[in-house]
Structure formats: structure tokens, C-alpha cells
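Colleague: can you look at this prediction? I've put the sequence above it.
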Amino acid sequence: MEPWRPSPRNPMDRIDPKTFHFQFPNLRYASGRKLCYLCFQVERDYFYYNDSDWGVFRNKVHPWAPCHAEQCFLSWFRDQYPYRDEDYNVTWFLSWSPCPTCAEEVVEFLEEYRNLTLSIFTSRLYYFWHPSYQEGLCKLWDAGVQLDIMSCDEFEYCWDNFVYHKRKRFQRWNLLKDYDFLAAELQEILR
């Protein structure tokens, strides 16, 4: 594989509770949070059983070959699921919404996998005031991607399925601090 291309790797099973509470709150401005986490679930329905795969990707920050969490997932998915004619339901829970480059790559990916439906729940909007980032979100929406801001239900789902919570119950804490602002901003962008 070319050194500039992201190499597929296996996703993490879960993340630490402190990482979750630091990286995932709904914040308008989130200084110090330079990593992006992508929790995912892939479902395939067959006549005789339901197959599901899940995990967590984090962006890889290497000066010579950076790889965003979305790119890690796309690379992994192509290796795990080479059959483009099967039906897939994919759900992402992102700590940051996709950048314009990743949005374009996801749209191209969806053109390859025409039987795949993608739902993205994001905790925060990345550079939501910048026109190219807004255009990237609109391209995803136009390609049929369901986009929404993570609410309490999504946070609890992530806690139960993607966090090493050691049987501690989910607590909202300050995860929904700027939810109303972000939800309204996303609706305005997609209008």
C-alpha cells in the first residue's frame, strides 16, 4: 500500500469513561479537543439472521500520513465488507462532524456502496461557521445521509455500547450543554 494512503487497522472495542466525557460533550467551542472519535455500528439483515459489527476509531495524527477517524472507518469497511451489492445499515456517533475532505470521501464511498444507509449523530459541529464545512454537511445530506446532533438517547447508547463503564450507570453531567444551539445551527445549515 502506498505510504500516503491510510492503512486499515482494527477498531478499538471501547473507550475510557474520562475520554468519553472529555471528547463528546455538545459544545459550541471545544478548545483542547483535537482528536475525533467515531463509534460505529454496522448491521446486515439476512433472511435467517441479523449480523452486527461495532467498534471505535480515533483519528491518527502522523505528520507524514494523517488519517481522520472517518477515513479509518472507510478503509476498514472496504476490507471487511468487499461486497458492494449487500444491504448495510451503518450508524456513526462522532465527537466532531466531518471536515469537507472527509464529507467528500464519504459521498464517494456511498456511490460505491449504493445499498448502504448511513446515519451520523455528531456531538459537535466542526467549524460550523465556515462555508466549506457547511457545504460538506450539505453534500452528505444530499447524498441521503441522516445527520443529527447527539441527544441524551445517543449519549446513553454510546455509554452502554462503546465505553468501558464498569457497570456504572449513565449520567448526563454536562454532555448536553449546547445541544439546542447546535441542533438549530445544523438545521439552518441543511436548509
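Modeller: On my side now, so go ahead.

Colleague: hey, let's count contacts and neighbours off CA atoms from now on
Modeller: OK.

Colleague: mean pLDDT per helix and strand in the protein: which one sits at the bottom?
Modeller: Least confident helix or strand, the chain: strand 50-58 with a mean of 82, by mean pLDDT, DSSP states H and E.

Colleague: contacts for that strand?
Modeller: 11-15, 35-45, 68-70, 72-73, 162 (Cα atoms under 8 Å, 6 or more residues apart in numbering).

Colleague: what ranges does this structure have for its helices?
Modeller: Secondary structure of the chain (DSSP state H): helices at 17-23, 69-80, 100-112, 131-142, 152-162, 179-190.

Colleague: would you turn those helices into CSV with mean neighbour count, mean pLDDT and distance to residue 123?
Modeller: What follows is these, written out as CSV (neighbours: other Cα atoms under 10 Å; pLDDT from 0 to 100; distance: least, Cα to Cα, whole Å):
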stretch, mean neighbour count, mean pLDDT, distance to residue 123
helix 17-23, 16, 90, 9
helix 69-80, 18, 92, 14
helix 100-112, 17, 96, 16
helix 131-142, 18, 95, 14
helix 152-162, 17, 94, 9
helix 179-190, 15, 94, 8
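
Colleague: now render those as CSV, adding distance to residue 60.
Modeller: Formatted as CSV, those follow (distance: least, Cα to Cα, whole Å):
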stretch, distance to residue 60
helix 17-23, 15
helix 69-80, 7
helix 100-112, 14
helix 131-142, 21
helix 152-162, 19
helix 179-190, 26
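
Colleague: out of those helices, nearest to residue 170?
Modeller: Comparing the helices of the chain against residue 170 with Cα to Cα, the closest turns out to be helix 152-162 (6.1 Å).

Colleague: what separates the closest one from the chain centre, distance-wise?
Modeller: Offset of helix 152-162 from its chain centre (Cα atoms, centre = their mean, to the nearest Å): 13 Å.

Colleague: just the CA coordinates of that helix, formatted as PDB?
Modeller: Only the C-alpha atoms of helix 152-162 are listed here, as PDB (Å, rounded to 0.1, in the frame of the first residue of the first chain):
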ATOM      1  CA  CYS A 152     -29.400  12.200  25.500                       C
ATOM      2  CA  ASP A 153     -30.600   8.900  23.900                       C
ATOM      3  CA  GLU A 154     -27.500   8.800  21.700                       C
ATOM      4  CA  PHE A 155     -25.100   9.600  24.600                       C
ATOM      5  CA  GLU A 156     -26.700   6.800  26.600                       C
ATOM      6  CA  TYR A 157     -26.500   4.400  23.700                       C
ATOM      7  CA  CYS A 158     -22.800   5.200  23.300                       C
ATOM      8  CA  TRP A 159     -22.200   4.900  27.000                       C
ATOM      9  CA  ASP A 160     -23.800   1.400  27.100                       C
ATOM     10  CA  ASN A 161     -22.100   0.100  23.900                       C
ATOM     11  CA  PHE A 162     -18.800   1.900  23.400                       C
END
